[in-house]
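Participant: requesting a structural model of the entry that follows:
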Amino acid sequence: MTTLTSTSSGSDQIKFPWGKSDGSSLTEHIRSCLVIFSALRDCIPSLTQTSQAENFWKLLFWAICLHDVGKLHPEFQNVLKNIKNLWIRQRHELYSVPFTELFNPGTFTEDELILIRQAILAHHKDFQSLGEKFKDKRWLEMEFDEERKYQKLGYHPENFLMGVERIIADEGFQLFLKDIEAFSKSHGFAASLSTDTVKHCFSEAHPFQAIAKSYRKSTPDTDIYWQQMMLWGALKLCDHYGSAGIEKLHNLENSHFKFLYQIKETYGALYYHQHSCGATHANLILVAPTGSGKTEAAMAWLKNQIKSEQGRAYYILPYTASINAMHARLTEQMASPEESPIVGVQHGKLTDYLYNFLEIEHQIEPSQLEVIADQYRKIITPLKIITPFQILKFGYGVKGFETGLAHLSGAKLIFDEIHAYDARTFAQINIFLQYLIRHLGCKVMIMTATMPGFMLDILKKTLGVKCEIRADKQFLERKPRHAVILLEDSIWDHLEKIEQELNDPQKKVLVVCNTVAQAQKVYEELSSLLMADERVILHSRFTGRDRQTKEKKIFNDKTRLLVGTQAIEVSLDIDFDVMYTEPAPIDRLLQRFGRINRRYKKPPCPIYVFSQGGENDHWIYPDNLVDATLACLKQISHIHEKEIQTLMDKVYDGWPEKEQKEFDETSKMFEFALSMLAPFSKHRETEEKFYEQFTGVQVLPASLFQEYQSFIQKRDFIKADRLLVGLQLSGFSQLYSNGQILYRRIPLFNKKDKEENHWISVAQCRYDDDIGMTNEFEPFCDDNFLD
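Facilitator: Below you'll find the model as predicted:
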């Protein structure tokens, strides 16, 4: 980043006012923000329509140019330069607002000026938070009377009009004014600027009183609501990305979809359902068997969407394991000739970390900024692989929701295996899709191999789809892939049979358990039969780092045994020869079956389903669904693709009464949360509702604490996040009751050596990279720990 300062004298430095504490100029920051501005016009052009503001880009341009003028206040400049000052923790955005009066009459309407002022005023703090620190005129007068140093100065340092006058009188301000006039000409928004009216526009009322205190919330059915929301969100995007040093936002291009043509060349033609998806411009639902190329169908649909209009794309999956596998797969297929990341993964709370960090931008060390920029580049890709909760949170007003909604303007959303969610999550997805389609112009594709008819009907109504696309008759009438054999009793009664399978060096065996603990026990029993590079276990109790290594190992030709849990059910493009699985509802079993004979190249492969699962399975799957599934399987010997929907509807004729109640109540609750979402505001109650629904907790295995602490103190949040292990709340509570959970503080220091705290839950549990985290006690040892 260029630093426009001179070392010859202090007066020379003032000529180029600082924008950051590293000495980079305010002009340079605005230039960086305008780089993102230009990129947004190309990447998210629908912001014009979504915002319902005809002059949206002009409004955003000038909001960017003026949002940090308050940093030119001489006392704030002293803060940036670490010089003794009388800034007294004021807000620079308050001093930026009056400079919206620089324009000659007719440049903007009064309503447009109010929009710019609101966005500038809220570009770091919501209106409520600003109000908590606001001092009115009487308060300042009282402080002035009590403070002798202020009397000696002749004015209160927080005297607003005096502060504005000091900015205007500063030589650096005049130089900055010339810079933004030059920017306005080069970007096509030329305007003449004059300071004549700046000092007088807020002489009667402070900006907080004139703008924030008088603000009245609107509703999503009004134009002003989306003008405010999108301008606010887009300004913060430009400010954050500009501060992080992001120099380019990439689009999806035709070249990224070359692999689709390679499929045609290899296999002669796309399947009917793939071709149909690629020819569809609207929302759609695809129902096709596992292994039928649904991912390629989705990419063909996506390619068609970006022909008409760019927008960020999201591939949404239910499980972390499937997310990592899909990321690796699409990264390889869509490799960019520029070697820039095209496909990204949202890592845990990374966006929260970065958002909060950039809210205190002027305190960031340059070395930290480089780390942050690198992390941002990995998550601002044009295609992201995420879980639904990473966008659902925006509907609850979780911090940063305004930038999230701006990103979602005109977005292309692909939901894979949407049937995998419980009634509560499905309800939220359904309601949010209605909201996104109606207000943000999102295009949606939903894919499934096994969805009950009643769920399909709900989604058809939401998407406005009359008929779903299905694999054609010719595909569905292929020879069956799977021969189903029911085995009485549990996996422990048939372990010898699995061992016999492993004696065949040409056979790849897949064992699926319903719980992590069961999978770990089975894996340990079978491990001695194979070399380390021939076996692998995959479940949710691995760190992100080790899980990724495991996923790569699965695809190794040497791997002959895979023991897994639900983590293998979705989007793992693996092809094994035989399966042994604990019982589960029909849709879950069919997903598991899809990992066997995936390419239809073998005779029907055996699928062994045990009649009994583990002792805790009833906490995972309702007994009635499992019993109904086993009853269906007893009547068939092979799985025919054309009969799958019939099987599904035999087991599922609707949700049980409890789940139906959850669906209805959650739908109403989320509709209310969306109706309460407001620009320039924080939403503590609905944010709490969002986090209350999670039954998962992330913990750090004790043996990894030192490594985690090192990453956190370097602000390398991606690497730190990849050391955490996810637990269900019940599992976390059990460890807590056993005294195996400790809360540990990691001190962080900013440029001013001000200490912040990062807290983490440490699990005193044995962890190794082969089997993952168990409940076995392993003490936490840290001689340097600070209580």
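Participant: for the stretch 651-787 of the chain, what spans make up the strands?
Facilitator: Using DSSP state E, counting those that start in this stretch, the strands of the stretch 651-787 of the chain run over residues 696-701, 725-728, 741-749, 755-763, 765-768, 772-777.
Participant: dump those strands to CSV, plus mean pLDDT and mean neighbour count.
Facilitator: Any C-beta I mention is one placed from the backbone N, CA and C, and that applies to glycine too. Shown next, in CSV, are the strands of the stretch 651-787 of the chain (pLDDT from 0 to 100; neighbours: other C-beta atoms under 10 Å):
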stretch, mean pLDDT, mean neighbour count
strand 696-701, 90, 20
strand 725-728, 90, 20
strand 741-749, 89, 15
strand 755-763, 88, 16
strand 765-768, 96, 18
strand 772-777, 96, 18
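Participant: to residue 247, which of the ones you listed lies closest?
Facilitator: Closest to residue 247 of the strands of the stretch 651-787 of the chain is strand 741-749 (C-beta to C-beta; 27.1 Å).
Participant: what helices and strands are in contact with that closest one?
Facilitator: Here strand 741-749 touches helix 705-713, strand 755-763, going by 3 or more C-beta pairs under 8 Å, 6 or more residues apart in numbering; DSSP states H and E.
Participant: any chance of those in TSV, plus distance to residue 290?
Facilitator: Shown next, in TSV, are the helices and strands packed on strand 741-749 (distance: least, C-beta to C-beta, whole Å):
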stretch	distance to residue 290
helix 705-713	37
strand 755-763	35
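Participant: could you report the neighbour count for the closest residue to residue 453 other than its chain neighbours?
Facilitator: Nearest residue to residue 453, sequence neighbours excluded (C-beta to C-beta, 6 or more residues apart in numbering): residue 649, at 5.1 Å. By the criterion of other C-beta atoms under 10 Å, residue 649 has 14 neighbours.
Participant: that's a helix at residue 649, yeah?
Facilitator: Yes - under DSSP: H, G, I helix; E, B strand; the rest coil, residue 649 sits within a helix.
Participant: separation between it and residue 452?
Facilitator: Between residue 649 and residue 452 the distance is 6 Å, computed by C-beta to C-beta, to the nearest Å.
Participant: who are the neighbours of the host helix or strand of residue 228, in terms of helices and strands?
Facilitator: Element membership for residue 228, per DSSP states H and E: helix 223-243. Using 3+ C-beta pairs under 8 Å, 6+ apart, the elements in contact with helix 223-243 are helix 26-43, helix 47-51, helix 56-66, helix 110-121, helix 350-358, helix 401-408.
Participant: using PDB, list the CA coordinates for it.
Facilitator: Extracted in PDB, the C-alpha atoms of helix 223-243 (Å, rounded to 0.1, in the frame of the first residue of the first chain):
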ATOM      1  CA  ASP A 223     -38.500   1.200  -1.600                       C
ATOM      2  CA  ILE A 224     -36.700   3.200   1.000                       C
ATOM      3  CA  TYR A 225     -36.000   0.000   3.000                       C
ATOM      4  CA  TRP A 226     -33.900  -1.600   0.200                       C
ATOM      5  CA  GLN A 227     -32.300   1.700  -0.700                       C
ATOM      6  CA  GLN A 228     -31.000   2.000   2.900                       C
ATOM      7  CA  MET A 229     -30.100  -1.700   3.300                       C
ATOM      8  CA  MET A 230     -28.200  -2.100   0.000                       C
ATOM      9  CA  LEU A 231     -26.300   1.200   0.200                       C
ATOM     10  CA  TRP A 232     -25.300   0.500   3.800                       C
ATOM     11  CA  GLY A 233     -24.200  -3.000   3.000                       C
ATOM     12  CA  ALA A 234     -22.400  -2.100  -0.200                       C
ATOM     13  CA  LEU A 235     -20.500   0.800   1.500                       C
ATOM     14  CA  LYS A 236     -19.300  -1.500   4.200                       C
ATOM     15  CA  LEU A 237     -18.200  -4.100   1.600                       C
ATOM     16  CA  CYS A 238     -16.100  -1.500  -0.200                       C
ATOM     17  CA  ASP A 239     -14.700  -0.200   3.100                       C
ATOM     18  CA  HIS A 240     -13.800  -3.600   4.500                       C
ATOM     19  CA  TYR A 241     -12.300  -5.000   1.300                       C
ATOM     20  CA  GLY A 242     -10.500  -1.800   0.600                       C
ATOM     21  CA  SER A 243      -9.000  -1.800   4.100                       C
END
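Participant: distance between it and the chain's centre?
Facilitator: Relative to its chain's centre, helix 223-243 lies at 18 Å (C-alpha atoms, centre = their mean, to the nearest Å).
Participant: the closest residue to residue 30 other than its chain neighbours: how many residues sit nearby?
Facilitator: Among residues not flanking residue 30 along the chain, residue 65 sits closest, at 5.9 Å (C-beta to C-beta, 6+ apart). Residues lying near residue 65 (other C-beta under 10 Å) number 27.
Participant: distance of residue 65 relative to residue 126?
Facilitator: Using C-beta to C-beta, we find residue 65 at a distance of 22 Å from residue 126.
Participant: grab the nearest non-local neighbour of residue 233.
Facilitator: Residue 233's closest residue in space is residue 406 (C-beta to C-beta, 6+ apart), at 3.3 Å.
Participant: residue contacts, that neighbour?
Facilitator: Contacts for residue 406 (C-beta atoms under 8 Å, 6 or more residues apart in numbering) come out as 44, 47, 229-230, 233-234, 236-237.
Participant: out of these, the closest to residue 164 would be?
Facilitator: For these, the nearest to residue 164 is residue 236 (24.0 Å; C-beta to C-beta).
Participant: close enough to count as contact, the closest one and residue 120?
Facilitator: No - between residue 236 and residue 120 there is no contact under C-beta atoms under 8 Å: 10.8 Å.
Participant: the two - which one has more neighbours?
Facilitator: residue 120 (28 against 22).
Participant: surely the more buried one meets residue 100?
Facilitator: Yes - applying C-beta under 8 Å as the test, residue 120 and residue 100 come out as touching, 7.2 Å apart.
Participant: shared neighbours, the two?
Facilitator: residue 66.
Participant: if I look at the residue nearest to residue 30, how far off is residue 205?
Facilitator: Distance, residue 65 to residue 205, using C-beta to C-beta: 24 Å.
Participant: with residue 56 instead?
Facilitator: From residue 56 to residue 205 the distance is 28 Å (C-beta to C-beta).
Participant: neighbour-wise, which of those two wins?
Facilitator: Neighbour count, other C-beta under 10 Å: between residue 56 and residue 205, residue 56 has more, with 21 against 14.
Participant: quick one: residue 485 is in a strand?
Facilitator: Yes - with three-state DSSP as the criterion, residue 485 is located in a strand.
Participant: residue contacts, it?
Facilitator: 606-609.
Participant: next one: residue 186
Facilitator: Contacts of residue 186 (C-beta under 8 Å, 6+ apart): none.
Participant: which of the strands of the stretch 651-787 of the chain sits closest to residue 653?
Facilitator: Across the strands of the stretch 651-787 of the chain, closest to residue 653 is strand 725-728 (C-beta to C-beta), at 28.8 Å.
Participant: elements contacting the closest one?
Facilitator: With contacts defined as 3+ C-beta pairs under 8 Å, 6+ apart, strand 725-728 has these neighbours: strand 696-701.
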